[in-house]
Every structure is written in structure tokens, then in C-alpha cells.
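Asks: sequence below, structure please.
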Amino acid sequence: MGKIDSPTVHLSAEQLEQHVWDGVPLSAEAAMHLSLCPQCSQELAMLRKLAGELRIVQRSQPSPAALARYQQLFALHAPQPSRMDRLMTWVRANLVWDSRRTLALQGIRSAARPSYRLIYTTTTSDVELLVTPYPTTFGIEGEFLVAGNALSARALIQLQSENKSNTVLETEATAGGRFRLDHVAPGLYTLWITPEQGAALEIRGLELL
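Replies: Numbers count the residues shown, from 1 in each chain. Next up, the predicted model:
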């Protein structure tokens, strides 16, 4: 019996990410390709490893009920800090996933600029950004999770240019932690997320080019 060659068209980064992060099942054709393609299998294994590591981090955090008890105890003995106070006590998030790297590893080159996903994490929170390029600007859709759970209160979102300090875009995340920024000019930015409770979160070096 002759050797069965794998198809030359690889699964897209979006297909693999939706399968791992969102639980979207693969089509029969995609599953067949995956069983024959070492490159796509390696990409899927990398994504699953990352997802597993994030779940471990999330499980290591106190439960929402425990966090609520800690906050109640703290409120009995200390005044609630203002939003400005909490900006002075901030946590820097680290980039753990950039879907553009997947495209680069697959050797995909295209004149079109596809949307891409960025995932940042700290010991207590995760931020997922979906960046959509437009002809002259960018759109950013985001979700902010605390200890693996959606926010129970709103948060202030600020996007500040690292080259033009007076350029700041602002919006608010919903109680579910979702937010959106439109008409963002190309450039290098710092993203600040300041929830009503807890330390502010800083994402530096957000490059939109």
C-alpha cells in the first residue's frame, strides 16, 4: 500500500485556536488533515500545552468565594483605596501567546493583514486581546478575567501611546470584563486596566503596525 501524503493546505491558526480555546470541534476534513500533518499536530500540541499551563495557574488561585471573604475582612480594617491609589500599585502582565507567531511558523505570507490574538497573564488575572487591522487603523476587542472568572464589576480601560504621552484612549469594561477600542492609530502603546477593586494591570509594548 502506498504512503498517504498529508494535504499541503495547513489548518489555519484561527481553526486551531478556536478548537483549543473555545472548544469548537474540527470538521472531518480538518481532523483527517491533523492526523496526517506533523506540523499542524505540533501547533495543536503547543496550544494545548499553553492552555493546560494557564488552567494550572488559574486553579492555584483562591476561589471567588474565598477572594470575596478576604475582601470583606480587608474592608473591615482598611479604607478602600481610590482608583488613583491603585494606579500607583500596579501589576505588569506578561505576553504568553501571540497568534502571529503561529502564522510565521507555518510560513504563511499574505498581503492581507488578518486579525490576531494576544494573551497576557499575571498570577491573578488574564487578558485576551483580539486585534483587527483596518486600512489605516486598528480595532481591539478585549476580555479581562480575574482568577479565571469574569469581572463582577466594571474596570477603566486606558490605552496610552508610548511615543505621544498626551494620546490616551479610554473606555470601560463591562461587568463581564469585555471591552472594545476602535479607530486606534498605528503605534506602540501601554494598556492600563484599573478595576474597581484590586491593583491596576499594565500591558507594555503593545505594538500595532
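
Asks: I'd assumed Glu43 was in a helix, is it?
Replies: Yes. Secondary structure of Glu43 (DSSP: H, G, I helix; E, B strand; the rest coil): part of a helix.

Asks: for it, grab the count of nearby residues.
Replies: Residues near Glu43, counting by other C-beta atoms under 10 Å, number 21. Every residue, glycine included, has its C-beta placed from N, CA and C.

Asks: hang on, it packs against Glu14?
Replies: No. Glu43 is beyond contact range of Glu14, at 11.8 Å (criterion: C-beta atoms under 8 Å).

Asks: secondary structure class for Met32?
Replies: Strictly by three-state DSSP, Met32 counts as helix.

Asks: state the distance from it to Cys40.
Replies: 11 Å (C-beta to C-beta, to the nearest Å).

Asks: Arg117 now?
Replies: Distance from Arg117 to Cys40, by C-beta to C-beta: 18 Å.

Asks: can you give the domain ranges for this protein?
Replies: 13-59, 79-208 (automatic domain parsing).

Asks: let me have these in CSV, extended by mean pLDDT.
Replies: Shown next, in CSV, are the domains of the chain (pLDDT from 0 to 100):
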stretch, mean pLDDT
domain 13-59, 79
domain 79-208, 80
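
Asks: show me where this protein has its strands.
Replies: 90-92, 94-98, 116-121, 125-133, 138-146, 149-150, 155-161, 168-173, 178-184, 187-195, 200-208 (DSSP state E).

Asks: mind putting those into JSON lines with distance to Gly23 and mean neighbour count?
Replies: Formatted as JSON lines, the strands of the chain follow (distance: least, C-beta to C-beta, whole Å; neighbours: other C-beta atoms under 10 Å):
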{"stretch": "strand 90-92", "distance to Gly23": "29", "mean neighbour count": "13"}
{"stretch": "strand 94-98", "distance to Gly23": "17", "mean neighbour count": "15"}
{"stretch": "strand 116-121", "distance to Gly23": "16", "mean neighbour count": "20"}
{"stretch": "strand 125-133", "distance to Gly23": "15", "mean neighbour count": "19"}
{"stretch": "strand 138-146", "distance to Gly23": "16", "mean neighbour count": "20"}
{"stretch": "strand 149-150", "distance to Gly23": "17", "mean neighbour count": "14"}
{"stretch": "strand 155-161", "distance to Gly23": "26", "mean neighbour count": "19"}
{"stretch": "strand 168-173", "distance to Gly23": "24", "mean neighbour count": "15"}
{"stretch": "strand 178-184", "distance to Gly23": "19", "mean neighbour count": "16"}
{"stretch": "strand 187-195", "distance to Gly23": "26", "mean neighbour count": "20"}
{"stretch": "strand 200-208", "distance to Gly23": "26", "mean neighbour count": "17"}
